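predicted model and sequence follow; I will ask about them next.
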Amino acid sequence: MRIKVPASSANLGPGFDSMGMALGLYLTIDVLEPTDHWVVDHDLEQIPHDERNMVVRAALKVKADLAPHHIVVNSPIPLAHGLGSSSSCNVGGIELANQIAKLHLSAEEKVEIASQIEGHPDNVAPTILGGTVIGTSLHDHFIAVKAPAMPYQFVAYVPAYNLKTSDSRNALPNMIGFHEATQASAIANTLAAALFAQDYQAVGELMEADMFHEPYRSKLVPELAQVRAIAHQHQALATYLSGAGPTVMTLLPEDASVDEFVQALKANGLVDPVMVLPIAEAGVEVEN
Ligand SMILES: Nc1ncnc2c1ncn2[C@@H]1O[C@H](COP(=O)(O)OP(=O)(O)OP(=O)(O)O)[C@@H](O)[C@H]1O
Ligand SMILES: N[C@@H](CCO)C(=O)O
C-alpha cells in the first residue's frame with residue numbers, strides 16, 4: 001500500500017494561518033510488513049528511523065497502540081522551506097493509522113485531528129481536501145471550506161537556507177492594535193470573497209497587501225521583495241511568502257513565460273532553484 005501526500009503553500013498573503021493550497025509535489029509512504037517495532041526507511045539526514053519519526057508520531061497520536069510496521073518514506077518536499085513538509089508528514093501519519101487500524105476516518109475528522117496537531121488548518125486542510133482551502137478553529141473544532149481552482153502557474157522560488165516555522169513565528173509581534181487588526185482582517189476577508197467570486201484582479205491586489213506576517217518576516221526573507229519587484233514586470237498576478245518562508249510563491253498567468261521570469265530572476269542574482277508546481281486538486285490518497 002502507498003499513501004501519497006501533497007505538499008502545500010499556506011497563507012496566500014493575508015490568509016495567515018487560515019488559507020492554503022495543495023501542490024503537486026508528493027511525500028509517499030510505502031507500508032510494508034508488520035514488525036515488532038517501527039522501522040522507517042528514508043534518505044534524510046538527522047531524521048529518526050523509529051517511532052520518533054514525525055510520520056509515526058502523528059500515527060500514534062491517532063491510535064497509541066497502532067501495530068508497528070516497516071515503512072518507507074520518500075519526500076521531495078524541502079524541509080523547513082514553507083512548502084508544508086511537516087504537514088505532509090502529519091497528514092501521512094494520520095492516514096497511516098487510518099489504513100492500518102481500519103478507522104474509516106472521514107475527511108472532516110482527518111482535518112480536525114491534523115489541525116489539532118498543527119494548531120492551525122492552513123497547510124493540513126488542503127493537504128487532506130486538495131485544492132485551495134480556507135479554514136479556522138472555532139469552539140474547539142475546525143471549519144474548512146474549499147475555494148475554486150485558480151487558473152495560474154505557481155512558481156516557487158526556493159532559497160537555499162532553511163527557516164523553521166518556529167523561528168519564523170518568533171519574528172511576529174505578540175499583539176497588534178485594534179485598528180491594524182481590523183484593517184488586516186478586512187483585507188483577508190475581501191481576499192476570501194474575491195477567491196470565491198474568481199475576481200482575480202482583486203485577488204492579486206489583496207494577496208500582496210498582507211498586514212499580519214509578511215511585514216515582520218520580510219527582513220528574514222529579503223528575496224520576497226526582490227522576487228515581487230521582478231514578478232511585477234512579468235505579468236504576475238501576485239507574489240507572497242509561502243507558509244513561514246523562505247519559499248517565495250509567484251502566480252503567473254497560464255500564458256506567461258516562466259522561462260523569461262526565471263531568466264530575469266537570475267539576471268538579478270536570484271539563482272536559487274525554481275519549481276513550477278501544479279495545484280493538487282486531490283488531497284491525500286491511498287494506492288493499493
Ligand atoms: N520527510 C520527513 N520526515 C521526517 N520529518 C520531517 C520530514 N519532513 C519534515 N520533517 C520535520 O518537519 C520539520 C520542518 O517543519 P517546519 O514546520 O519547520 O517547516 P515546513 O513544514 O517545511 O514549512 P511550513 O510549515 O512553513 O510550510 C523538519 O525539521 C523535520 O523535523
Ligand atoms: N501559517 C503558518 C504556516 C506554517 O506552519 C505560518 O505562517 O507560520
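Structure's in. What do you need? Numbers count the residues shown, from 1 in each chain. Ligands and ions are numbered 1, 2, ... in the order given.

in this protein, which spans are strands?
2-10, 19-34, 39-41, 69-74, 132-138, 141-147, 152-157, 238-241, 248-253, 274-277, 285-287 (DSSP state E).

so which elements touch the last one?
To tie it back to what came earlier, the one meant is strand 285-287. strand 2-10 (3 or more CB pairs under 8 Å, 6 or more residues apart in numbering; DSSP states H and E). Any C-beta I mention is one placed from the backbone N, CA and C, and that applies to glycine too.

list the contacts of residue 22.
6-8, 126-127, 129-131, 133, 279-283 (CB atoms under 8 Å, 6 or more residues apart in numbering).

quick check: it vs residue 198, distance?
Counting by CB to CB, to the nearest Å, the gap from residue 22 to residue 198 is 18 Å.

what do you get for residue 275?
Separation of residue 275 from residue 198 (CB to CB) stands at 25 Å.

just residue 279 next, same as before
For residue 279, the distance to residue 198 equals 14 Å [CB to CB].

quick one, which of these two is more surrounded?
Neighbours per residue (other CB atoms under 10 Å) separate residue 279 from residue 198, with residue 279 holding more: 20 against 13.

and this structure, which residues reach ligand 1?
Counting by CB under 6 Å from any ligand atom, the chain comes close to ligand 1 at 10, 27, 44, 47, 53-54, 73, 75, 79-87, 89, 123, 164-165, 243-244.

for burial, what's the neighbour tally of the closest residue to residue 218 other than its chain neighbours?
Nearest residue to residue 218, sequence neighbours excluded (CB to CB, 6 or more residues apart in numbering): residue 224, at 5.2 Å. Residues lying near residue 224 (other CB under 10 Å) number 24.

now residue 23
25.

ok, it touching residue 279?
Yes: using CB atoms under 8 Å, residue 23 makes contact with residue 279 at a distance of 6.6 Å.

intersection of neighbour lists for the two?
With CB under 8 Å, 6+ apart, residue 23 and residue 279 have common neighbours residue 154.

wait, residue 94 sits on residue 62?
Yes: here residue 94 reaches residue 62: they are 5.5 Å apart, a contact under CB under 8 Å.

what about the two, which has more around it?
Between residue 94 and residue 62, counted using other CB under 10 Å, the more crowded position is residue 94 (31 against 22).

from residue 68, how far off is that one?
17 Å.

can you check residue 227 too?
Taking CB to CB, one finds residue 227 at 44 Å from residue 68.

who has more neighbours, the two?
Between residue 227 and residue 68, counted using other CB under 10 Å, the more crowded position is residue 227 (28 against 18).

identify the residues contacting that one.
157, 239, 248, 250, 265, 270.

what do you get for residue 139?
Applying CB under 8 Å, 6+ apart, no residues qualify as near residue 139.

how about residue 41: what's its closest non-neighbour residue?
For residue 41, the spatially nearest residue (CB to CB, 6+ apart) is residue 72, at 4.5 Å.

tell me the pLDDT at the one you found?
On pLDDT, residue 72 comes in at 98.

now do residue 139
87.

give me the below-cutoff pLDDT ranges for the protein.
Applying pLDDT under 70 to the chain flags no residue at all.

can you show me the helices along it?
Using DSSP state H, the helices of the chain run over 54-62, 85-100, 107-118, 124-129, 165-170, 178-197, 200-207, 214-217, 223-232, 258-267.

residues in contact with the nearest residue to residue 277 once chain neighbours are set aside?
Nearest in space to residue 277, with sequence neighbours left out and distances taken as CB to CB, 6+ apart, is residue 23 at 4.3 Å. Counting by CB under 8 Å, 6+ apart, residue 23 makes contact with 6-9, 83-84, 154, 156, 277-280.

can you pull the contacts of the closest residue to ligand 1 within the stretch 101-250 of the chain?
Ligand 1 sits closest to residue 243 of the stretch 101-250 of the chain, with a gap of 2.9 Å, by CB to the nearest ligand atom. Residues near residue 243 by CB under 8 Å, 6+ apart: 8-11, 20, 82-84, 122-123, 165.

TSV for those, including neighbour count and distance to ligand 2?
Output for the contacts of residue 243, formatted as TSV (neighbours: other CB atoms under 10 Å; distance: CB to the nearest ligand atom, whole Å):
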residue	neighbour count	distance to ligand 2
8	30	9
9	27	9
10	32	4
11	28	5
20	30	8
82	29	7
83	27	10
84	34	7
122	29	5
123	33	6
165	19	4
